[in-house]
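In: dropping the sequence and predicted coords here.
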Amino acid sequence: ELFDVKCFSFHNQFTNYIDHMSTILSHRRFESTPYVKRETNDVRNKEEECIWYNPEVREKVDKFLLDTIPYYQFCDSCMGSENEIAT
């Protein structure tokens, strides 16, 4: 075992998580060039995506991801355990 793997709620990824990790990670030694945003995806209209308003579709997608994708399996087992970062 070389390192511990932790998890956190994605709801906090742009709020409490950033604050929490800023106390743990060191600052960059080298600053990169200024960031230039590049549009890579088409504009989305969530009103047309059935997953957001159809709970049956959402349940099927959740089940598929948990059954087939190791990343989601890890997250499911980690959340609520001692390895969850409570932010």
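Out: Structure received.

In: what about Arg44, how many neighbours?
Out: Using other C-beta atoms under 10 Å, Arg44 is surrounded by 8 other residues. C-beta coordinates here come from the backbone N, C-alpha and C atoms, glycine included.

In: what's in contact with the helix ranked longest in the chain?
Out: Secondary structure assigned by DSSP state H gives helix 55-68 as the longest helix of the chain. By C-beta atoms under 8 Å, 6 or more residues apart in numbering, the residues outside helix 55-68 that reach it are 50-52, 72-73, 76.

In: turn the residues you listed into JSON lines, including pLDDT, secondary structure and neighbour count.
Out: Shown next, in JSON lines, are the contacts of helix 55-68 (pLDDT from 0 to 100; DSSP: H, G, I helix; E, B strand; the rest coil; neighbours: other C-beta atoms under 10 Å):
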{"residue": "Cys50", "pLDDT": "90", "secondary structure": "helix", "neighbour count": "9"}
{"residue": "Ile51", "pLDDT": "89", "secondary structure": "helix", "neighbour count": "13"}
{"residue": "Trp52", "pLDDT": "87", "secondary structure": "helix", "neighbour count": "10"}
{"residue": "Tyr72", "pLDDT": "89", "secondary structure": "helix", "neighbour count": "14"}
{"residue": "Gln73", "pLDDT": "92", "secondary structure": "helix", "neighbour count": "13"}
{"residue": "Asp76", "pLDDT": "90", "secondary structure": "helix", "neighbour count": "13"}
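
In: can you tell me which two in these are farthest apart?
Out: Longest distance between any two of the contacts of helix 55-68 is 24.7 Å, between Cys50 and Gln73; criterion C-beta to C-beta.

In: on that earlier part again, let me see the mean pLDDT of the longest helix of the chain.
Out: Here helix 55-68 scores 93 as its mean pLDDT.

In: how about it as PDB, C-alpha atoms only?
Out: The C-alpha coordinates for helix 55-68 follow below in PDB (Å, rounded to 0.1, in the frame of the first residue of the first chain):
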ATOM      1  CA  PRO A  55     -36.300   9.300 -11.900                       C
ATOM      2  CA  GLU A  56     -36.700   5.900 -13.600                       C
ATOM      3  CA  VAL A  57     -34.000   6.900 -16.200                       C
ATOM      4  CA  ARG A  58     -31.800   8.200 -13.400                       C
ATOM      5  CA  GLU A  59     -32.100   4.900 -11.500                       C
ATOM      6  CA  LYS A  60     -31.200   2.900 -14.600                       C
ATOM      7  CA  VAL A  61     -28.100   5.100 -15.300                       C
ATOM      8  CA  ASP A  62     -27.000   4.800 -11.600                       C
ATOM      9  CA  LYS A  63     -27.400   1.000 -11.700                       C
ATOM     10  CA  PHE A  64     -25.500   0.800 -15.000                       C
ATOM     11  CA  LEU A  65     -22.600   2.900 -13.700                       C
ATOM     12  CA  LEU A  66     -22.400   1.000 -10.400                       C
ATOM     13  CA  ASP A  67     -22.500  -2.400 -12.200                       C
ATOM     14  CA  THR A  68     -19.900  -1.600 -14.900                       C
END
